[in-house]
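Student: Sequence first, then the predicted structure, then my questions.
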Amino acid sequence: MEGGNSPNLQLQQLPLATAAVSVQPHTDSFSYKENLIGALLAIFGHLVISIALNLQKYSHIRLAGSKDTRAYFKTKTWWCGLFLLVLGELGVFSSYAFAPLSLIVPLSAVSVIASAIIGIIFIKEKWKPKDFLRRYVLSFVGCGLAIVGTYLLITFGPNSHEKMTGENITRHLVSWPFLLYMLVEIIIFCLLLYFYKEKNANYIVVILLLVALLGSMTVVTVKAVAGMIVVSIQGNLQLDYPIFYIMLVCMIATAIFQATFLAQASQLYDSSQIASVSYILSTTVAITAGATFYLDFTGEDVLHICMFALGCLIAFLGVFLITRNRKKSVPFEPYISMDAMPGMQNMHDKGIAVQPDLKTSFSYGALENNDNMPEIYTPATLPIVQEQHGSKGVSAPPYRVLEHSKKE
């Protein structure tokens with residue numbers, strides 16, 4: 001009986017072995033196609049987002065002098081920008097479902113390249129050829145380097161793919177490399193938050209490191225949510241797993257806190273500095289998170305990893321040069337320097353600026369009415385009090401502007 005059953009056992013195992021061998025080449029060829037689809041979706045999304053933001057900015061600039069603060073809602077340009085913005089965000093969101101996280105994240109350099117090119121094309125000032133070349137040579141060099149870096153990222157990017165099912169995501173979530181990574185990230189985040197809130201360490205690196213740490217969790221959860229939605233559309237429903245809603249809540253929460261810290265950084269530093277430093281830090285931390293959670297570089301050879309790292313460095317340098325050449329905006333400060341006016345007492349003996357109440361008659365601080373541009377740029381005035389030489393007993397105000405006659 002045993003001798004008669006052994007041939008049947010061998011015949012039953014042969015189809016399984018054959019099937020296992022035939023699936024592997026199909027998976028490799030399809031994985032490169034998925035990489036290309038994800039990269040093209042990400043590039044398309046970042047291009048559309050850049051165009052959308054510039055359209056909305058153009059709408060705001062045209063209506064800068066309007067008394068109606070919501071006049072841009074009535075323009076087609078602003079609504080077209082909003083539509084393109086949503087379309088671009090959907091493209092970037094869906095790209096995470098096809099390509100590895102470590103490949104999609106660095107492609108955000110495309111938006112910086114597009115913004116630089118749009119800014120040069122639609123510039124309204126006239127420049128001589130020498131001045132134009134001197135002013136924008138760094139932008140051209142930065143765009144070239146960023147394009148070369150993007151090409152290297154797509155060519156030598158990681159090629160690891162797996163279906164984003166609830167079981168796979170749960171297995172990655174409780175793996176010891178990711179738990180160790182989360183422990184280190186939480187410790188670093190708490191230390192940075194302590195120095196930022198308690199020690200007033202308002203350095204740009206500190207704030208944007210907080211943004212990068214939150215952003216790494218955002219992209220990890222975005223890939224999980226997008227992948228589970230795509231798998232559900234393909235017929236294998238994943239929306240009934242609790243891990244899907246956990247990832248969805250984490251994605252929304254981290255995105256909100258990330259936007260909060262970015263808003264605080266924009267109040268302290270120039271947007272060009274924020275763009276370059278944030279891209280470098282966020283990309284580095286996000287690639288580390290993707291390599292830890294999704295094991296993006298498992299099975300990759302050393303040459304591909306080194307070329308991918310070189311592409312990241314070239315893209316970093318290109319983005320830095322593009323943002324370095326941007327003209328820094330000087331905010332309008334409607335203040336009067338008291339030390340520049342003769343006859344005024346020194347109000348900065350201890351290095352602390354004294355700001356009177358806005359409701360008093362002597363108001364030299366921030367202007368109250370900021371409804372439109374002409375009123376913002378109206379100069380603040382000081383009351384002129386003539387000095388009366390004949391009266392000695394009358395006490396004069398401490399701040400006076402003297403008027404001299406022709407006889408004197």
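Tutor: Alright, I've got the coordinates.
Student: Could you list the buried residues of stretch 256-272?
Tutor: Using 16 or more other C-beta atoms under 10 Å as the test for burial, stretch 256-272 gives 257, 258, 261, 262, 265, 269, 270, 272. The C-beta positions use only the backbone N, C-alpha and C, and glycine is treated the same way.
Student: For residue 168, see how far away the second one is.
Tutor: Using C-beta to C-beta, to the nearest Å, we find residue 258 at a distance of 26 Å from residue 168.
Student: Okay, now stretch 293-304: how far is its last residue from its first?
Tutor: 20 Å (C-alpha to C-alpha, to the nearest Å).
Student: Residues touching stretch 166-186, excluding its own?
Tutor: Identification of contacts with stretch 166-186 by C-beta atoms under 8 Å, 6 or more residues apart in numbering yields 162, 213, 216, 224, 227-228, 238, 241, 243-244, 247, 288-289, 292-295.
Student: Only the buried subset of those, as a PyMOL command please.
Tutor: If you want just the buried ones from those in PyMOL, going by 16+ other C-beta under 10 Å, the selection is:
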select buried, resi 213+216+224+227+228+238+241+243+244+247+288+289+292+293+294+295
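Student: In helices only, show me the contacts of stretch 166-186.
Tutor: 213, 216, 224, 227, 228, 243, 244, 247, 288, 289, 292, 293 (DSSP state H).
Student: any chance of those in TSV, with pLDDT and distance to residue 70 too?
Tutor: Below are the ones in helices among the contacts of stretch 166-186 laid out as TSV (pLDDT from 0 to 100; distance: C-beta to C-beta, whole Å):
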residue	pLDDT	distance to residue 70
213	94	36
216	93	36
224	93	37
227	92	39
228	93	38
243	93	41
244	94	37
247	94	36
288	93	42
289	92	39
292	92	45
293	92	42
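Student: Hmm, residue 321 is touching residue 137, no?
Tutor: No: using C-beta atoms under 8 Å, residue 321 is not in contact with residue 137, being 9.4 Å away.
Student: Settle it for me: which of these two has more neighbours?
Tutor: Each of residue 321 and residue 137 has its neighbours counted (other C-beta atoms under 10 Å); residue 321 has more, 21 against 12.
Student: contacting residues around the more buried one?
Tutor: So residue 321 contacts 138, 139, 141, 142, 145 (C-beta under 8 Å, 6+ apart).
Student: Show me what the one helix or strand the first one maps to is packed against.
Tutor: Put plainly, it is residue 138. Element membership for residue 138 (DSSP states H and E) is helix 129-155. Judged by 3 or more C-beta pairs under 8 Å, 6 or more residues apart in numbering; DSSP states H and E, the packing partners of helix 129-155 are helix 2-62, helix 109-121, helix 302-324.
Student: which residues sit in contact with residue 274?
Tutor: 204, 208, 262, 265, 266.
Student: how does it look with 7 Å?
Tutor: The contact partners of residue 274, taken as C-beta atoms under 7 Å, 6 or more residues apart in numbering, are 208, 265, 266.
Student: Tabulate the residues you listed (CSV), appending pLDDT.
Tutor: Putting these into CSV (pLDDT from 0 to 100) gives the following:
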residue, pLDDT
208, 94
265, 90
266, 87
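Student: So which of those residues are in helices?
Tutor: Going by DSSP H, the helices hold 208, 265, 266 from those.
Student: Where does the prediction get shaky in this protein?
Tutor: 1-31, 122-135, 325-408 (pLDDT under 70).
Student: cutoff 50 now
Tutor: Along the chain, the model assigns pLDDT under 50 to residues 1-29, 125, 329-382, 384-393, 396, 399-408.
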